[in-house]
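> whatever this is, show me its structure:
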Amino acid sequence: MTHKGTATFIAQRASAALLAPLVIWFLWGAVAHAGASYEEVRAWIAAPLNAGLMAVLILAGSLHMRIGLDEIIDDYIDSGARGVFKLLNLLASLGAAALGLWSLFVLSF
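Predicted coordinates for the structure are as follows:
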């Protein structure tokens, strides 16, 4: 056992604390632009501050997802298959983050 429970606990709580205001910001922006044209929404997300906040939201969400699923894997998967599922979890979270950041890049430029 690696005894990394405290670090994982702190990382999970820190990512949740970071995500809370970012999700509120995102929901506010989504509601404020409901019914707006594609170009208006694209201009809003392409603004440097909004693009930066969205990038942080994507990265923090991906990290939060990976940590949470790792905890579920540790609790419910037998030790034989645990490594495979953790690798798949890592690849899925990296893929989700990469896809989200690429989409943000395409929308911003």
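> list the buried residues for stretch 32-42?
Buried residues in stretch 32-42, defined by neighbour count with 16 or more other C-beta atoms under 10 Å: residue 41. Glycine gets a C-beta too; all of them are placed from N, C-alpha and C.
> ends of that stretch, what's the gap?
13 Å (C-alpha to C-alpha, to the nearest Å).
> which residues touch that stretch?
Residues outside stretch 32-42 that contact it (C-beta atoms under 8 Å, 6 or more residues apart in numbering): 44, 107.
> could you point out the helix or strand that follows the strand or helix carrying residue 54?
Assessed by DSSP states H and E, residue 54 sits inside helix 48-76. Per DSSP H and E, the first helix or strand lying C-terminal to helix 48-76 is helix 79-108.
> show me what that following helix is packed up against.
helix 38-46, helix 48-76 (3 or more C-beta pairs under 8 Å, 6 or more residues apart in numbering; DSSP states H and E).
> can you get me a residue count around residue 74?
As a burial measure, residue 74 scores 14 neighbours (other C-beta atoms under 10 Å).
> next: residue 92.
14.
> look up phi and psi at residue 78.
Reported as degrees, to the nearest 10, the phi and psi values for residue 78 are phi -60, psi 150.
> distance of residue 23 relative to residue 7?
24 Å (C-beta to C-beta, to the nearest Å).
> got it, and residue 20?
21 Å.
> what's the answer for residue 57, then?
23 Å.
> of those two, who's got more company?
residue 57 (19 against 10).
> got the contact list for the more buried one?
So residue 57 contacts 19, 22, 23, 25, 26 (C-beta under 8 Å, 6+ apart).
> let me know the pLDDT of the second one.
pLDDT, the model's per-residue confidence, is 98 for residue 22.
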